[in-house]
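Undergrad: Pasting the sequence and the predicted model now:
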Amino acid sequence: MSRNAEVRFADLAKRYESPDGDEVLALADVDLSIASGEFVAVVGASGCGKSTLLRILAGFEEASEGEVSVGGVPVRGPGPDRGVVFQDYGLFPWLTVAENVGYGPRRRGAKRADARALATRFLETVGLTRFADRYPGQLSGGMQQRVAIARVLANDPSVLLMDEPFGALDALTRSELQVELRRIHRETQTTVLFVTHSIEEAVFLADRVVVMTGGAAHGVPGHISRVVPVDLAGARDVTSAEFNEIKREIADLVHAPRETV
Ligand SMILES: Nc1ncnc2c1ncn2[C@@H]1O[C@H](COP(=O)(O)OP(=O)(O)OP(=O)(O)O)[C@@H](O)[C@H]1O
C-alpha cells in the first residue's frame, strides 16, 4: 500500500482528574514515530499508560499536551481510517457475521451488494467465509475475534489499533491468531499499534517493541523507557536463542527498578 500512514506522537502528555480531584499524569514526554506499514507492539506493567496511548491515537481521548498525527494529519477524533480491535470483540449480536463486517461500508453509503462483497473478501482473509450467515453468538471466541478483525479491515484503515485483542483467548487459539495476524499484516501492509501484556506475543508479532514504564502506582508518569527492534529474519521461532534473548532484554526493562529507566 503506497499511502502514507506514518503515525507520530510528539511531546505527548495526558492528565486525568481522579475522583477526589487530584491530577493523575498518566503519560508524559511521549515521542514516537511509527513508519507507514510498520508493526509496533507496546508492553509494560499495568497502569503505565498503554491503553491511554492507544485511545489517544484512536481519537477516543484528547491529549493534554502535544500532538498525534497519521500521515501528517493531526488526529481530532475517531475515524474509520483508524480501526480499533478490543479484547471483547464488540460485534453486534443481532447482525450476521457478514452484516457485521459490512457494517462500516454500509454506514458510509455502500450499496448492500458492495458491502456484502467486501464482507466476503475480508471473511476470506480471516478464513471464515463459511460462517458468513451465522450470528456472533454461534461462534467461538477466536472466531468472533477474527470477525472483529475482518470488520475493521473492511473499512480499509490506514492504521490498525489493537488493545489486548487476544487476551481472552485460550493459548492455542491465541497462537493461531498471532500467526494469522502476521500474515494479514504482510498482505495488507497496514500500520499496526498493538498493546499487550505478553512480551512473547510482542516479540513474535512486532518489528519494534515499545517498552513503557512508570504510572501512578510508581509515582512517575507513564513514559516510553526504550524501543527495542526485533531483528529476527524470516519465521519467528519462540524457542530459538535469539528470540529468547530479545524477550529477556524486554523483560528486564519492564521489571527494572524505576530509577534506572
Ligand atoms: N478516565 C480516566 N480517569 C482517570 N484516570 C484514568 C482514566 N483512564 C486511565 N486512567 C489512569 O491512567 C493510568 C494509565 O492507565 P492505562 O489504562 O492507560 O494503563 P495500561 O498500561 O493500559 O494498564 P493495563 O495494562 O492495566 O490495561 C492509570 O493510572 C489509570 O488509573
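TA: Happy to help now that I have it.
Undergrad: residues from the stretch 101-250 of the chain in reach of the ligand?
TA: Residues of the stretch 101-250 of the chain lying close to the ligand by Cβ under 6 Å from any ligand atom are 215-216, 222. Placement of C-beta: from N, CA and C, glycine included.
Undergrad: and if we set it to 5 Å?
TA: Within the stretch 101-250 of the chain, the positions adjacent to the ligand are residue 216 by Cβ under 5 Å from any ligand atom.
Undergrad: can you give me the helices for the stretch 101-250 of the chain?
TA: Remark: helices assigned in the stretch 101-250 of the chain by DSSP state H, counting those that start in this stretch are 112-125, 141-153, 171-188, 199-205, 241-254.
Undergrad: ok and the second one relative to helix 112-125, angle-wise?
TA: Inter-element angle recorded for helix 141-153 and helix 112-125: 130 degrees (by axes from the mean of the first three to the mean of the last three Cα atoms, to 10 degrees).
Undergrad: Quick one: list the elements packing against helix 141-153.
TA: Under the contact criterion of 3 or more Cβ pairs under 8 Å, 6 or more residues apart in numbering; DSSP states H and E, the helices and strands touching helix 141-153 comprise strand 82-85, helix 97-107, helix 112-125, helix 171-188.
Undergrad: now the first one
TA: Counting contacts by 3+ Cβ pairs under 8 Å, 6+ apart, helix 112-125 packs against helix 97-107, helix 141-153.
Undergrad: then that helix to CSV, C-alphas only?
TA: C-alpha atoms of helix 112-125 as CSV (Å, rounded to 0.1, in the frame of the first residue of the first chain):
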residue,chain,number,x,y,z
ARG,A,112,-25.9,-3.7,0.1
ALA,A,113,-24.3,-5.8,-2.6
ASP,A,114,-21.0,-3.9,-2.4
ALA,A,115,-20.9,-4.2,1.4
ARG,A,116,-21.6,-8.0,1.0
ALA,A,117,-18.7,-8.3,-1.5
LEU,A,118,-16.4,-6.5,0.9
ALA,A,119,-17.6,-8.8,3.7
THR,A,120,-16.9,-11.9,1.6
ARG,A,121,-13.5,-10.7,0.7
PHE,A,122,-12.4,-10.0,4.3
LEU,A,123,-14.1,-13.1,5.7
GLU,A,124,-11.9,-15.0,3.3
THR,A,125,-8.8,-13.1,4.7
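Undergrad: For it, buried residues please.
TA: Buried residues in helix 112-125, counting neighbours by 16 or more other Cβ atoms under 10 Å, are found at 115-116, 118-119, 122-123, 125.
Undergrad: what's the answer for the last one, then?
TA: Neighbour counts over helix 241-254 (16+ other Cβ under 10 Å) mark 243, 246-247, 250, 253-254 as buried.
Undergrad: Next: the third one.
TA: For helix 171-188, the buried set under the neighbour-count rule, 16+ other Cβ under 10 Å, comprises 173-178, 180-182, 184-185, 188.
Undergrad: Excluding its own residues, what touches it? List them.
TA: For helix 171-188, contacts defined as Cβ atoms under 8 Å, 6 or more residues apart in numbering pick out 1, 39, 125-127, 140-142, 145-146, 149, 153, 165-166, 169, 192, 201, 204-205.
Undergrad: ok now it, how far from the chain's centre?
TA: Centroid separation between helix 171-188 and its chain, computed with Cα atoms, centre = their mean, to the nearest Å, is 13 Å.
Undergrad: same check, this time on the last one
TA: Per Cα atoms, centre = their mean, the displacement of helix 241-254 from the mean C-alpha position of its chain is 21 Å.
Undergrad: Is the residue nearest the centre of the chain bridged to anything, and to what?
TA: The geometric centre of the chain, computed from its C-alpha atoms, lies nearest to residue 162 (Cα atoms, centre = their mean), at 2.1 Å. Beta-bridge partners of residue 162, counted by DSSP bridges, are residue 85, residue 194.
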